[in-house]
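In: Need a 3D model of the following:
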Amino acid sequence: MTTRRLVVYPLLAAVYSVLALAAANPEEIPGLWVLLSPLGLSLLIAVLAWVLLTVVIRDPDGRAFVTFMLVLLFTSYGYFILELEEIPWAAPIAHTIVPFVFLASYLAAAMYLLFRLIPNRRRLTPFLTLLTSILLLWNMAVLLRERIRSYPSVGDRASANRPASSATANRKSSPDIYLIVLDKYTGSRSLKSNFDFDNSAFETFLRRRGFVLPGHAQANYIYTALSLASLLNYGYLDSLPWAPEAQRRNKAYVNHLVENNAVWQFLKARGYRFIFFPTAFPFTATNRLADVQVPNPRQILSEFETAWRRTTLAEPVISWVCQRIDCPRGLTPFAEAELMEWKFGQLRQVPTWPRDGRPLFVFAHLTVPHEPYIFNADCSVRLPFWPSYFVVKDERPEKQAYIAQITCLNQRLQSIAGHLLTDSPSQPIILLQSDHGHGRMPLHIPAIDAVTPDRAAERADIFAAYYLPGADASIVGDSISPVNVFRMVFREYFQADLPPLPDETYWSPGTEVFRFTRVQNGRPSPQ
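Out: Numbering: from 1, shown residues only. Okay, here's the model as predicted:
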């Protein structure tokens, strides 16, 4: 007679795979809600395997161990593929059926050997239950500890990071302000020299509509989160320590600086209504201070979930299924074209939305032209194309895909700018701002000494265009950087006491993102 009982360690192993990734990357977790879908899918896989195996394996301990091995196959498959991609001779077969057959055969052989060595599988159950419980509780504790240490309450801000200003303004005369951040949009000089792309047609359109385009706009930092924190707090981040043990905690704190920023606090005191466009990136995944979030952050596939899928068997299975049927929203990649087109449409309509007599501050971080490349030049949708992130002999496919996405984005921005200018009740301030340029960097950006000057300069070369009604074009410095954008706007329109800061670019390697080196023209400059 077979005992009916549930052995829990396969379920614990399924949960562990999600929490371990989250605990190792707490700065990628804007809210614990991003864990729900990965946890649900992992548990579903484990439960389905357990139920289906009841047909062929009556012994609950043996069935539990086979379920455990299937969970291991599901959760480790993506890591195996990522390793294969780094091996030149194995990379061509990384996304074929061969790795699955190899890994499944390896785990099957290991399972067979273990069954031969330990005929009584019940002896495994206490050990594996204890092991998975310890691993699960440990990673849960690490994740909670890091979130408590790294994320202050939404109202808690260090005064050093909030530049003071005694300016006041009349609510009725305050213009709407649109901040549209264009992720990884390279400046025209580098587009021409490194991509053989002439962006003058788009620039001419903007100038004719009254935009001011600085000739040599430059990034302050080469990472989006740092750039946004600097832009939205109109200050440099040199007070953050770069010690390796502080890297992870500071990344999470930078996310906090982006959410609870000085720009919004300045405008909130002047009666503004805050409209926020969330993204999949953790630093702009949500903003609890916004009056309206478009769409609800939980409707967007988070970057953490995308990363988790790429480390499991979920990504190839979902991709295979979605190529054959119309997948429901939430299964497609986080930068899906449908969502981006929807955001473009919402931006065009914002001027006509109810506003309760209050001026608007609209912050939209658009994750284009950043990869994955999802648009052709005519804005038709293509299968998502990711660059290799490794040294490649032929850069043309990535360059062509990047330029095609910029060409599409330019068309959409022309339409958005036209609607903002014609449909707004009064002339708005429009800030089109890149965070950093392309640079054709590997997955982990190296130290400045390991980067060629042309690529480093390209990373620092950014697109910028500003519509500043009633202001003289001379207020825009030719080499303006994000740190001075709101200093310029608040001085001009709110008489704020915010003098300009030096426009400087700081480089830091991916392993120590807070270890800054000032650069100029792609090379370290004297401090």
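In: Count the neighbours of Gly62 for me.
Out: 20 (other CB atoms under 10 Å). Quick note: C-beta positions are derived from backbone N, CA and C, even for glycine.
In: Check which helix or strand it maps to.
Out: Assigned by DSSP states H and E, Gly62 belongs to helix 60-85.
In: Give me the buried positions along the helix or strand following that helix.
Out: Next helix or strand after helix 60-85 toward the C-terminus (DSSP H and E): helix 98-117. Neighbour-count burial for helix 98-117 flags Pro99, Leu103, Met111 (criterion: 16 or more other CB atoms under 10 Å).
In: For the second one, give me its contacts.
Out: Read it as Leu103. Contact analysis of Leu103 by CB atoms under 8 Å, 6 or more residues apart in numbering lists Leu73, Ser76, Tyr77, Phe80.
In: re the thing from before, can you pull the buried residues of the helix holding Gly62?
Out: 60-78, 80-81, 84-85.
In: Stretch 473-488 now?
Out: Val476, Ile480, Ser481, Pro482, Val483, Asn484, Val485, Phe486, Arg487, Met488.
In: how about JSON lines for these, with pLDDT and secondary structure added?
Out: JSON lines is the format used below for the buried residues of stretch 473-488 (pLDDT from 0 to 100; DSSP: H, G, I helix; E, B strand; the rest coil):
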{"residue": "Val476", "pLDDT": "98", "secondary structure": "coil"}
{"residue": "Ile480", "pLDDT": "98", "secondary structure": "coil"}
{"residue": "Ser481", "pLDDT": "98", "secondary structure": "coil"}
{"residue": "Pro482", "pLDDT": "98", "secondary structure": "helix"}
{"residue": "Val483", "pLDDT": "98", "secondary structure": "helix"}
{"residue": "Asn484", "pLDDT": "98", "secondary structure": "helix"}
{"residue": "Val485", "pLDDT": "98", "secondary structure": "helix"}
{"residue": "Phe486", "pLDDT": "98", "secondary structure": "helix"}
{"residue": "Arg487", "pLDDT": "98", "secondary structure": "helix"}
{"residue": "Met488", "pLDDT": "98", "secondary structure": "helix"}
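In: Out of those, flag the one nearest to Glu398.
Out: Pro482 (25.4 Å; CB to CB).
In: Helix or strand next in line after the least confident helix or strand in the chain by mean pLDDT, which one?
Out: The helix or strand of the chain with the poorest confidence is helix 314-322; it has a mean of 76 (mean pLDDT, DSSP states H and E). Of the helices and strands lying after helix 314-322 in sequence (DSSP H and E), the nearest is helix 337-349.
In: hmm, back to that, which of the buried residues of stretch 473-488 sits closest to Ala217?
Out: Ile480 (5.6 Å).
In: For that closest one, grab phi and psi.
Out: phi -60, psi 150 (degrees, to the nearest 10).
In: Leu240 is in contact with Tyr253, correct?
Out: Yes - here Tyr253 reaches Leu240: they are 7.4 Å apart, a contact under CB atoms under 8 Å.
In: pLDDT score for His256?
Out: With respect to pLDDT, His256 scores 89.
In: Same check on Phe127?
Out: The model's pLDDT for Phe127 equals 92.
In: try Ile57
Out: Looking at Ile57, its pLDDT stands at 88.
In: could you check the distance from it over to Val51?
Out: 11 Å (CB to CB, to the nearest Å).
In: Between the contacts of Leu103, which sits nearest Ile318?
Out: Tyr77 (12.6 Å).
In: surely that closest one meets Arg309?
Out: No - assessed by CB under 8 Å, Tyr77 is found out of contact with Arg309, at 10.7 Å.
In: circling back: compare Ile57 and Val51 and say which one has the larger neighbour count.
Out: Ile57 (18 against 11).
In: thinking again about what came up before, would you format the contacts of Leu103 as TSV with pLDDT and distance to Arg440 included?
Out: Below are the contacts of Leu103 laid out as TSV (pLDDT from 0 to 100; distance: CB to CB, whole Å):
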residue	pLDDT	distance to Arg440
Leu73	93	35
Ser76	92	31
Tyr77	92	29
Phe80	89	27
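In: Now the phi/psi pair for Phe361, please.
Out: Torsion angles, degrees, to the nearest 10, at Phe361: phi -120, psi 110.
In: what's around it, how many residues?
Out: Count around Phe361 with other CB under 10 Å applied: 24.
In: ok, what's across the strand from it?
Out: Ile177, Phe274 (DSSP bridges).
In: out of the buried residues of stretch 473-488, which one sits closest to Lys184?
Out: Nearest member of the buried residues of stretch 473-488 to Lys184, counting by CB to CB, is Pro482, at 13.8 Å.
In: which stretches of the stretch 251-400 of the chain aren't confidently modelled?
Out: Residues of the stretch 251-400 of the chain meeting the criterion pLDDT under 70: 322-335, 389-393.
In: Please, where are all the helices along it?
Out: With DSSP state H, counting those that start in this stretch, the ranges of helices along the stretch 251-400 of the chain come out as 262-268, 303-310, 314-322, 337-349, 396-423.
In: Out of those helices, flag the one nearest Val368.
Out: helix 396-423 (5.3 Å).
In: For that closest one, which helices and strands make contact with it?
Out: If contacts are counted by 3 or more CB pairs under 8 Å, 6 or more residues apart in numbering; DSSP states H and E, helix 396-423 sits against strand 177-182, helix 188-195, helix 200-208, helix 337-349, strand 373-375, strand 381-385, strand 429-434.
In: what angle separates the third one from helix 396-423?
Out: Relative orientation of helix 200-208 versus helix 396-423 (axes from the mean of the first three to the mean of the last three CA atoms, to 10 degrees): 20 degrees.
In: The next helix or strand after helix 200-208 packs against which elements?
Out: Elements were assigned by DSSP H and E; along the chain past helix 200-208, the next helix or strand is helix 224-233. Using 3+ CB pairs under 8 Å, 6+ apart, the elements in contact with helix 224-233 are helix 247-259, helix 262-268, helix 485-494.
In: The chain - how does it break down into domains?
Out: 9-150, 178-301+336-524 (automatic domain parsing).
In: Now render the ones you listed as JSON lines, adding distance to Val317.
Out: What follows is the domains of the chain, written out as JSON lines (distance: least, CB to CB, whole Å):
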{"stretch": "domain 9-150", "distance to Val317": "9"}
{"stretch": "domain 178-301+336-524", "distance to Val317": "16"}
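In: Mean neighbour count, those: which tops it?
Out: Mean neighbour count, computed with mean count of other CB atoms under 10 Å, is highest for domain 178-301+336-524 among the domains of the chain, reaching a mean of 19.
In: so who does the residue most central in space within the chain touch?
Out: The residue lying closest to the centre of the chain (CA atoms, centre = their mean) is Phe281, at 2.6 Å. Residues near Phe281 by CB under 8 Å, 6+ apart: Thr224, Ala225, Glu303, His365, Thr367.
In: quick one, what contacts the fourth one?
Out: Under the criterion of CB under 8 Å, 6+ apart, the contact partners of His365 comprise Val181, Asp183, Leu228, Phe277, Thr279, Phe281, Thr284.
In: residues contacting the closest residue to the fourth one other than its chain neighbours?
Out: Residue nearest to Phe277 in three dimensions, not counting chain neighbours: Ala364, with 3.9 Å by CB to CB, 6 or more residues apart in numbering. Neighbour list for Ala364: Tyr178, Leu179, Ile180, Val181, Phe276, Phe277, Lys343, Leu347 [criterion: CB under 8 Å, 6+ apart].
In: related to what we said a few turns ago, which of the contacts of Phe281 lies closest to Ala90?
Out: Glu303 (26.7 Å).
In: What values do phi and psi take at Val519?
Out: Torsion angles, degrees, to the nearest 10, at Val519: phi -130, psi 160.
In: Of all the domains of the chain, which one is nearest Pro316?
Out: domain 9-150 (7.3 Å).
In: now that closest one: how far from the chain's centre is it?
Out: Averaging C-alpha coordinates over domain 9-150 and over its chain gives two centres that are 26 Å apart (CA atoms, centre = their mean, to the nearest Å).
In: Not counting residues beside it along the chain, what's closest to Glu395?
Out: Closest to Glu395 by CB to CB, 6+ apart is Arg440, at 6.4 Å.
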